[in-house]
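# structure of the sequence below:
(2 chains, ligands or ions: 1)
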Amino acid sequence: MHELSRFTIGTLLLALVTVPTSATAQPPVPNGVLRLSAGSGSALTALRDADALVNQLTRDESLRLVRQEGDPLVPGREHERLQQFHDGVLVFGAEVTRQTSQGLPVSVFGTVHRGIDVDTTPTLSADDAARIVEGLSGRTIFPTAAPKLVVLPDRDAESVYRLVYEARAFSGAQLMVYFVDAASGALVWSYNDLKTQQPALPCSRCVIGEGLGVKSDRKKMSVTTVGGAFLAQDQLRPAQIFTFDMRGDLDHTELVLSGIAQLFDADLSTDTDNRWLDGASVDAHVGMGWTYDYLYKRFGRQSLNDQNVRLLSLVHPVNRADVFSVPDEVIGLYFLNAFYCGLCGPDGVGVAVFGEGLPPNVLVGGQQFDFFAGALDIVAHELAHGVTDFTSALLYMDESGALNEAFSDVIGVGAEFYAESLFRGGAGVPDYTLGEDVIEPGGIRSLANPLQFGDPDHYSLRFLGEADNGGVHTNSLIPGHAFFLAIEGGTNRVSGLRVAGVGAANRGQIEQVFYRAFTVLMTSNADFAAARTATIQSALDLYGANSPAARAVTQAWTAVGVN
Amino acid sequence: MSPIRTAASTDAAGQARPRPARSPHPRSLLFAVAGLLVTAPALAQLGQLAQPAPTDRIVVRLDSGLRSASHTIADTGVFPANLEQGRFRTDYDLKDGRVVDGGASFLLWRNLAIGLDVSNYRSIHDAQIHSELPHPFFFDAPRASTAQVAGLERRDLGIHIRALWMSQVAGWLVVSVSAGPSVITARQDLVSAVQHTEVGFPFDEIVFAGQTVSAESETTAGLNAGIDIDSFFLHRLPFLRNVEVLRHVGLGLLVRYVRATAVLQSAGEPIELDLGGVQITSGVRFRF
Ligand SMILES: [Zn+2]
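So this is what the prediction gives:
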């Protein structure tokens, strides 16, 4: 993981208190990266000074308000999300969240850069950059995602900034984000932003239909009837939900993801008698609906963007029979995976794709892989990436990427617990294991016992390599395990520290604590330490300083070695 | 919506008491005829022993009064909704009601007379509806609603054939005991369907929007038994002594018990309706 010089809020405070703070005075702020982390648990002066800094940067127009919203979980609270700009150009990964109550600051989190010295006049045009990225990716740039200018902090060198174009290209197995130097056209940095389930290779027309899921379990489907046929389009929920059957056509699937091909009613999963037998379509469609319900009922959230953006998934992106004749990367993505592609789809607002699994007689690592849509926790996990995209936008790399994955696991598990309480006679009891309904035996990850799948259950054991975007699917189990401990309690295997959980009956408290921290308090480049601070702040806001939830969250992070 | 109904009647305390459906007409009729045959000779024999027979052969009667009918009946219906069966249960609070009752008797031989009466009972009552509508997204997660319905009507039109044993207890007082078969047409307003309005997402609530009420009727046979007390004292009053016609006019009281069961046919299972009860009426008497 890259190291950036960090100034604690204490350093900042020191700098601030050494100068007069009259209305016209500008306190000297050190150049470089400032990580702001001040909340209810911080000294009052630290919070006040962080708030003053945000105000100052806002007056300077360095910080611009990009979102302001109320708090459905804590009445009276307001949340601002501010983005840093330099000479009108967005500074990548530089954001601040500020929580207020009746105009007074409650918490300030985020990262800002001081002393940026870079000319924001590009030599190349956006079209030039698009051509360069097309050359790099071999794919046409999304029509909805033209390259945009950003100031990119150097990932290794302190106080080094470049003016670059940021562009995304879906390359078939990857959603690559490219950063191209706006002067030279050189590739400065790139990463894969495809949020996969697991690392590569391992009104009037509304009707209720009856579906048999992947596990042959009966479910109700909210569908639409058109001309005597039934289509997997849910119009009963405030956000429309679409499930498209790609009928094994990988080329078409990729064109749809790239935004080049449109989707039509004829592409929707369909049934003639409203007794649906295609388990993948049934479970994808029902699972998205239940995930919507869970987000709404637990958190008051209305779909991924909180404004009822449509939910869209693709099933049967490939034919199972083709598994022996396609490249490994296709197997890894479209057979043995599920993923959420944030800017994908004809309208460029995200698509979930559920892998086809393998023929029943084909095992990988001793496990059978069924249609990935058959696991509600996987469906919810993928959609949660959309929530992250619309909120904290946690950078899909290193610790922020692991947090991105962890949040999806938290939502996946939460949705499973929610649905099982209503879905009797279903596929099984809820648990903290991901994907166990379709990857058998076992599943792919366990928040209760990460070691079961070789994942770290303590910060000291975190993966430090570069694979999997810095181990986003591995290190995610550290915060994921903290989430589990905060609910169920227990003793961490490595630290031996005991956590008094809030208990399963109060699981909603911890779910809300995490949800709130991840969606309104954390910024895109948050690390585990920031996640600890933000979730503790969230617990204090929601349940108070002496609450079991605040104690459980604090103990859980400490137990997994994140301080 | 095509509800199927199952029947349960309840006692006054409201406790459900399921009863099997049966067809009582032939058996009740047999009971009534047997009762008449058994009662008449017995009454005749009683008369031979003691009581003097009245001198007038015809008595015409016109009464009004009350019938005791307070009890609860319940029935349930089901209907298809969201791939499951929705249900509703209606508890009808039957009330005591007004009765208009009239008829005539004819003295056949000594104390034995035969009579024919017509009675009309009517009550207006309330009902409580408890309904469950299946959830559109989940099996076994119904949403509940309750509602009150007012103005439901119950009407029984009865024809009662009576064998009477009439005793001239005093010159102005005739006491009769009677029994015989009855034919009753029962008519009851029943909730045959319920309607709901969806509030919308997340579909956790429904609003009860209304009900369909249909009047179901059935004609059945039963038994009646009663006591008449007829007094003809008006012409004995000092200020009416010269009004000769008042010798034929009197006032009377009838206490009658009727036992009958009607089975109302509806879209589903039949509902057994208890028509029995005690009625007390009073009115004028004319004798000739
Ligand atoms: Zn994921």
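
# can you pull the pLDDT of the closest residue to the ion within the stretch 351-500 of chain A?
Distances between the stretch 351-500 of chain A and the ion by CB to the ion are smallest at A:Ser408, namely 4.5 Å. For the C-beta atoms, the positions are set from N, CA and C on the backbone; glycine is no exception. On the pLDDT scale, A:Ser408 is placed at 96.

# what are the phi and psi angles of it?
phi -60, psi -40 (degrees, to the nearest 10).

# number of nearby residues for it?
Neighbours of A:Ser408 under the rule other CB atoms under 10 Å in any protein chain shown: 28.

# surely it meets A:His385?
Yes. The criterion here is CB atoms under 8 Å, and A:Ser408 meets it with A:His385 at 5.4 Å.

# nearest residue to the most centrally placed residue in chain B in space, please, no chain neighbours.
Among the residues of chain B, the one closest to the centroid is B:Leu275, at 3.9 Å (CA atoms, centre = their mean). Nearest non-adjacent residue to B:Leu275, counting by CB to CB, 6 or more residues apart in numbering or on different chains: B:Ala260, 4.2 Å away.

# who's in contact with the one you found?
Each residue near B:Ala260 by CB atoms under 8 Å, 6 or more residues apart in numbering or on different chains is listed here: B:24, B:28, B:182, B:184, B:220-223, B:275-276.

# again with B:Gly158
Taking CB under 8 Å, 6+ apart as the test, what B:Gly158 contacts is B:117-121, B:182-185, B:224, B:258.

# so it bridges to which residues?
B:Ser119, B:Ile184 (DSSP bridges).

# what bridges to A:Phe244?
A:Leu268, A:Leu314.

# before we move on, the earlier item: wait, doesn't the residue nearest to the centre of chain B sit right on B:Ala262?
Yes. Under the criterion of CB under 8 Å, B:Leu275 makes contact with B:Ala262 at 5.5 Å.

# overlap of the contact sets of those two?
Contacts common to B:Leu275 and B:Ala262, judged by CB under 8 Å, 6+ apart, are B:184, B:186, B:220.

# check which helix or strand covers the residue nearest to the second one when sequence neighbours are not counted.
Looking back up the chat, that one is B:Ala186. Among residues not flanking B:Ala186 along the chain, B:Ala262 sits closest, at 4.1 Å (CB to CB, 6+ apart). Taking DSSP states H and E as the criterion, B:Ala262 maps to strand B:261-264.

# and that strand, what does it pack against?
Where contact means 3 or more CB pairs under 8 Å, 6 or more residues apart in numbering or on different chains; DSSP states H and E, strand B:261-264 is packed against strand B:173-198, strand B:206-231, strand B:271-274.

# can I get the ones you listed in JSON lines with distance to A:Asn404, mean pLDDT and mean neighbour count?
Output for the helices and strands packed on strand B:261-264, formatted as JSON lines (distance: least, CB to CB, whole Å; pLDDT from 0 to 100; neighbours: other CB atoms under 10 Å in any protein chain shown):
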{"stretch": "strand B:173-198", "distance to A:Asn404": "37", "mean pLDDT": "90", "mean neighbour count": "20"}
{"stretch": "strand B:206-231", "distance to A:Asn404": "40", "mean pLDDT": "90", "mean neighbour count": "18"}
{"stretch": "strand B:271-274", "distance to A:Asn404": "62", "mean pLDDT": "84", "mean neighbour count": "22"}
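
# let's have these in CSV, adding distance to A:Glu78.
Converted to CSV, these look like this (distance: least, CB to CB, whole Å):
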stretch, distance to A:Glu78
strand B:173-198, 34
strand B:206-231, 35
strand B:271-274, 60
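
# want to throw the ones you listed into TSV with distance to the ion?
TSV is the format used below for the helices and strands packed on strand B:261-264 (distance: least, CB to the ion, whole Å):
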stretch	distance to the ion
strand B:173-198	35
strand B:206-231	37
strand B:271-274	59
